[in-house]
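[1] Got a sequence here, can you model it:
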Amino acid sequence: MPIRIIQILRSVNSILLIISCLLVIGISYAQKPIGRFQTDSIELGRPIDYALSYHHNPSAEVFFPDTTYNFYPFEIIRRNIFQTSTTNGVSTDSVIYTLVTFEIMKNQKLGLPIYLLSKRDCTTVYSLTDSVFLKEMIKTSVDSLQLKTDTKLLPLSQQVNYPKILTFLLSILGVVLIIYAIFGRFIRKQYTLFLFSRRHIDFQANYKKFTRSTLDDVTIGKALVLWKKHLEWLEKRPYSSYTTKEIISRLPNERLEEALKEVDSAIYGGILSTQMPASMEVLLEKATELYKNRREELADSL
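    Below is the predicted model:
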């Protein structure tokens, strides 16, 4: 009889041991993450904090959702990770997520998982779902609002679009620089020739004013001075100080020699012949001939 009692007691102890192990295992598997919003309500577009924590064995590898996780109906702004703390053989990890919502659902819920890494696989454990209520900022229905059928327009002061103007000016400058880079030499050449021609044209106009007026010793003298100064510019020689003989030695020409003698007779002797207009025209033709020669030389040098 005592042996039978001892066997029964041993069986009871074994059963109790098994039950205790099952309870421990059940409790460990029943442990869930704790996830809660820090407030009961939320406003559209305003941040709200959601705290997620988990108690576990110190040897366990635990992972929390990162910023790539889908937090719908919320969007994550940032997360604040706290250092693991261990007390009485139980470790605690926690993270605070700062979220924001743009959904208009009155009751918005969220439950987040944690991931337990083991040698064989990774187990996902979800927290209980927590919810917040969306605050209504507009209490009155839009349909009940009284809209104005007419309003007065307010005049607006005109503003200068400086960026657009600057862009336009820079575009023009860029086009000009491109054109100058391609055709710069040609443009400089034509401009130089234009100035050269313009000076001769001005000489012709002033010279003809003298020859078209009454020809006397004073008018002929002024025309001769103008002619000599123009030759100085063309030939780069001091023609203003040259005598008729020196000019002819420099520019041998029978018609020019006769014309200069006629001019000298009018200026110094007061003798005005009927050939004076033709003589003045010969001087102009000689100046034009020299101008054409110098212009060709200038064009070849540019």
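[2] Check which residues of the host helix or strand of Ser53 are buried.
    Secondary structure from DSSP states H and E places Ser53 in strand 48-56. Neighbour-count burial for strand 48-56 flags 48, 50-54, 56 (criterion: 16 or more other C-beta atoms under 10 Å). Just so you know, the C-beta spots here come from the backbone N, C-alpha and C atoms, and that holds for glycine as well.
[3] Let me have those in a markdown table, adding distance to Leu298 as columns.
    Formatted as a markdown table, the buried residues of strand 48-56 follow (distance: C-beta to C-beta, whole Å):
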| residue | distance to Leu298 |
| --- | --- |
| Ile48 | 84 |
| Tyr50 | 87 |
| Ala51 | 90 |
| Leu52 | 89 |
| Ser53 | 93 |
| Tyr54 | 94 |
| His56 | 97 |
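[4] Which pair in those residues has the greatest spatial separation?
    Ile48 and His56 (26.3 Å; C-beta to C-beta).
[5] residue contacts, Phe196?
    Phe196 sits next to 294-295, 298 when contact means C-beta atoms under 8 Å, 6 or more residues apart in numbering.
[6] switch to 10 Å and redo it
    Contact analysis of Phe196 by C-beta atoms under 10 Å, 6 or more residues apart in numbering lists 233-234, 291, 294-295, 298-299.
[7] is it true that it lies in a strand?
    No. In this structure, Phe196 is helix, not part of a strand, as judged by DSSP: H, G, I helix; E, B strand; the rest coil.
[8] shift numbering so it begins at 49
    Got it, the first residue is 49 from now on, which makes the last one we talked about Phe244.
[9] could you measure it against His278, distance?
    12 Å (C-beta to C-beta, to the nearest Å).
[10] Identify the contacts common to those two.
    Tyr339.
[11] Can you list the helices and strands that the longest strand seen in the chain packs against?
    Determined from DSSP state E, the single longest strand within the chain is strand 138-149. Judged by 3 or more C-beta pairs under 10 Å, 6 or more residues apart in numbering; DSSP states H and E, the packing partners of strand 138-149 are strand 82-85, strand 89-90, strand 96-104, strand 109-111, strand 122-129, strand 133-135, strand 155-158, strand 178-182.
[12] Using a markdown table, lay out those together with mean pLDDT.
    Converted to a markdown table, the helices and strands packed on strand 138-149 look like this (pLDDT from 0 to 100):
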| stretch | mean pLDDT |
| --- | --- |
| strand 82-85 | 94 |
| strand 89-90 | 92 |
| strand 96-104 | 94 |
| strand 109-111 | 91 |
| strand 122-129 | 94 |
| strand 133-135 | 91 |
| strand 155-158 | 94 |
| strand 178-182 | 93 |
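[13] Number of residues surrounding Arg260?
    Arg260: 11 surrounding residues under other C-beta atoms under 10 Å.
[14] Distance of it relative to Ala253?
    Arg260 is 11 Å from Ala253, by C-beta to C-beta.
[15] cool, Glu345 as well?
    24 Å.
[16] quick one: low-confidence parts of the stretch 199-348 of the chain?
    199 (pLDDT under 70).
[17] any idea where the helices of the stretch 149-298 of the chain begin and end?
    Secondary structure of the stretch 149-298 of the chain (DSSP state H, counting those that start in this stretch): helices at 210-260, 265-283, 292-298.
[18] Not counting sequence-adjacent ones, nearest residue to Leu263?
    Met324 (5.3 Å; C-beta to C-beta, 6 or more residues apart in numbering).
[19] Verify the stated contact: that neighbour with Ser313.
    Yes. The pair Met324 and Ser313 passes the contact test of C-beta atoms under 10 Å, sitting 9.2 Å apart.
[20] hey, what's in contact with both of those two?
    In contact with both Met324 and Ser313: Ile268, using C-beta under 10 Å, 6+ apart.
[21] Which residue is the nearest non-sequential neighbour of Phe85?
    Of all residues beyond its chain neighbours, the one nearest Phe85 is Val180 (4.9 Å), with distances taken as C-beta to C-beta, 6+ apart.
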